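Chemist: Sequence plus the predicted model coming up.
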Amino acid sequence: MEGILTAAEWEALGLSLRVALVAVLADLPFAFAAGLLLARCRFPGKPLVDGLVHLPLVLPPVALGYLLLVSFGTRAPLGAFLLNTFGMRFVFSWTGAALASAILTFPFQVRAIRLSLEAETPGLAEAAETLGAGFWDRLVSLHLPLAAPGILAGAVTAFAACLGEFGAIITFVSNIPGETRTIPLAIYTAIQTPGGEQAAARLAALSIVLALAGLILADWVSRRMRAFVGQ
Amino acid sequence: MTNGVALRCSQGAFQLDCAFGFGDTPCVTALFGSSGAGKSTIIHAIAGLLRPQSGRIVLGGETLFDSERGIFVSARDRRIGVVFQDVRLFPHLHVRGNLLYGWRRSATRNSAAAFDAVVALLGLAALLERRPQTLSGGERSRVALGRALLMNPRALLLDEPLAALDAPRKAEILPYLERLVHETKIPMLYVSHALDEVARLADRMVVLDGGKVLAEGSLFDVTARLDLFTGAHPIPGAILEAVVARHDSAHGLTELALGGESLVVPSIARAPGSKVRVRIDADDVMLALERPVAVSANNILSATIAAIRADGANADVQLSLGEARLIARITSRSLERLALRPGMAVFALIKSVTVGGREPG
């Protein structure tokens, strides 16, 4: 295995996977809440919330990276507060890369969860209510299992998208080997290095394999789960 | 008002303004009316899924809604079992999980024996490990009934539970419903627009039209009225209560006592003295001014004309036999030819009698 990739490339792969996993898991509760809000509730300003959720899809990642840098930089009020109170530092750290990836792939998860909540047979919640289930009870016993295919499919898609993040990461947390240099950043570095074409090609091929595997997995998981919950 | 509802609510152009009782002893009240009469709105309001503008809902002596006193018990806390028209089983749970959903959340925990009893009552034992989407329509309805029963409800609301089923499925589930009504002592509100179901299951009947109550009373009184069932809902015939008098085993017949007269029906397995419910279709009753001789009909009953309602080519004649009432549908021409008038004594020739349905309590 050592022969296929160099140590630095293995490091980039491990980092990419870690960043993507943390980003997806951190997003999950917020994405479920947003999906539930958009699928089930009517409230003034819903188009605005809908727009905000989808904003990362159309916002240039570099612009998001810049915004994160000015808010979470150690001299910015929010960044300073987090550093002094909790000892948390996002800037120039892999957690910052996870934060940027989480924000950028949030819409993928919200969309998938929202669609599966909207596909739920109407009236099931009413039936559960007459059987004695309150709001949180219905959430856990009914909506969550029925939305499970959407939740998983959204998570896998978001995971695959996280692996491709570049602009926001390089702007916000820079290109530090072993800390923030994920696969896309490693490809970029290889291209910039004289004689690095081979490394760039290897990493690009790896990206394709990962992305494809992610999409196939998403589809398979979604179909299996749909059969499981009977929808 | 011990048990009953009074509701006022408006939804767009539709106005609901109705009040009716549930009966004081546990019984089955049929809520009858065509679509758009407000039946579903009433079910939703009683279940607590909809809050009426004003009114009261009292069940089992407990006030669930009172707009004047600001009482509104949430659907979750009402303990009212609902069997929805579209069944609404949970697709991600097995039949067992569906049955136990309300059971687990019931404050008054049922025993395992109660679970087994309901499973046996509705014939669900073979279905427990199956998914709702693999069940037939009739099986789904039975599971929905079991799920509502197992939550240990103070009342059951059945919203056209047979409407989505074809005739064979209906015939399959009706006996289960009858057993359910007979063996559980839970007040039930049975919504339907099919008179034959109502005739088999209900004790009391509330007729709705355009959001208002047209009639309320015992099944026997309401179905004997001539003014309610016209147009889309013609009179099916009277529903009567008779007493088993004796059996004629040589001819395979049973003799019933009805308003001082005797009614002969194909043999039924009930002890003399027990009450049975009989339905006599209006189309199966012929009238004669004198007692006919040498006819094949077994049942010739003497009766008095109580009321007549002529409607185009047909005329409905209400007959009284003591306490009981019977309806005959004849042509307007026969009405003229025989010069029938209220108060006249006539003979009713009955071609066929349907015995059965819910045993009177």
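Modeler: Everything's here; your move.
Chemist: Count the residues that sit near A:A63.
Modeler: 12 (other Cβ atoms under 10 Å in any protein chain shown). For every residue, glycine as well, the C-beta is placed using N, CA and C.
Chemist: Identify the residue spatially nearest to the residue of the stretch 151-300 of chain B found nearest chain A, adjacent ones excluded.
Modeler: Chain A sits closest to B:M151 of the stretch 151-300 of chain B, with a gap of 5.4 Å, by Cβ to the nearest Cβ. Nearest non-adjacent residue to B:M151, counting by Cβ to Cβ, 6 or more residues apart in numbering or on different chains: B:G102, 2.9 Å away.
Chemist: Output the below-cut-off pLDDT ranges for the chain.
Modeler: Let's take chain A. Applying pLDDT under 70 to chain A flags residues A:1-3, A:230-231.
Chemist: You answered for a different chain; I wanted chain B.
Modeler: For chain B, the ranges with pLDDT under 70 are B:1-2, B:109-110, B:229-236, B:356-361.
Chemist: Going along the chain, name the helices of the chain.
Modeler: Answering for chain A, as no chain was given. Along chain A, the stretches classed as helices by DSSP state H are A:7-40, A:46-58, A:61-72, A:77-86, A:94-118, A:124-130, A:135-138, A:144-162, A:167-172, A:183-192, A:197-229.
Chemist: look at chain B instead
Modeler: B:39-47, B:75-78, B:95-105, B:112-121, B:137-150, B:167-183, B:195-201, B:219-223, B:332-338.
Chemist: which one of those lies closest to A:D219?
Modeler: helix B:95-105 (27.8 Å; Cβ to Cβ).
Chemist: Show residues contacting the closest one.
Modeler: With Cβ atoms under 8 Å, 6 or more residues apart in numbering or on different chains as the test, helix B:95-105 has contacts from A:128, A:130-133, A:137, A:141, B:81, B:89-90, B:93, B:110, B:115, B:118-119, B:124, B:127-132, B:135, B:143, B:146-148, B:150-152.
Chemist: make it 6 Å
Modeler: A:131-133, B:89-90, B:110, B:127-128, B:130, B:143, B:146-147, B:150-151 (Cβ atoms under 6 Å, 6 or more residues apart in numbering or on different chains).
Chemist: Please identify, among those residues, the one with the most neighbours.
Modeler: Counting neighbours by other Cβ under 10 Å, B:R147 leads the contacts of helix B:95-105 with 31 neighbours.
Chemist: ok, now which ones touch that residue?
Modeler: Shown in contact with B:R147 (Cβ under 6 Å, 6+ apart): B:N98, B:L99, B:G102.
Chemist: Tell me how many other residues surround B:L228.
Modeler: 16.
Chemist: picking up where we left off before, from the contacts of B:R147, list just the buried residues.
Modeler: Buried members of the contacts of B:R147, scored by 16 or more other Cβ atoms under 10 Å in any protein chain shown, are B:N98, B:L99, B:G102.
Chemist: Which residues of chain B lie near chain A?
Modeler: Chain B comes close to chain A at residues B:47, B:49, B:75-76, B:82, B:88, B:91-92, B:101-102, B:105, B:131, B:133, B:151, as judged by Cβ under 6 Å from any Cβ of the partner chain.
Chemist: Name the nearest of those relative to A:N175.
Modeler: Of the residues of chain B next to chain A, the one sitting nearest to A:N175 (Cβ to Cβ) turns out to be B:H92, at 45.7 Å.
Chemist: Can you dump the C-alpha atoms of stretch B:279-296 in CSV for me?
Modeler: Output of stretch B:279-296 as CSV, limited to C-alpha atoms (Å, rounded to 0.1, in the frame of the first residue of the first chain):
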residue,chain,number,x,y,z
ARG,B,279,-84.3,-6.0,8.5
ILE,B,280,-87.2,-5.9,6.1
ASP,B,281,-86.5,-4.1,2.9
ALA,B,282,-89.2,-1.7,1.7
ASP,B,283,-89.2,-3.4,-1.7
ASP,B,284,-90.0,-6.8,-0.2
VAL,B,285,-93.2,-5.7,1.4
MET,B,286,-96.5,-5.9,-0.5
LEU,B,287,-99.8,-4.5,0.7
ALA,B,288,-103.3,-6.0,0.5
LEU,B,289,-106.6,-4.6,1.8
GLU,B,290,-108.0,-8.1,2.7
ARG,B,291,-106.1,-11.1,4.1
PRO,B,292,-105.0,-12.9,1.0
VAL,B,293,-105.6,-16.7,0.9
ALA,B,294,-103.6,-19.2,-1.1
VAL,B,295,-100.4,-17.3,-1.5
SER,B,296,-96.9,-18.6,-1.2
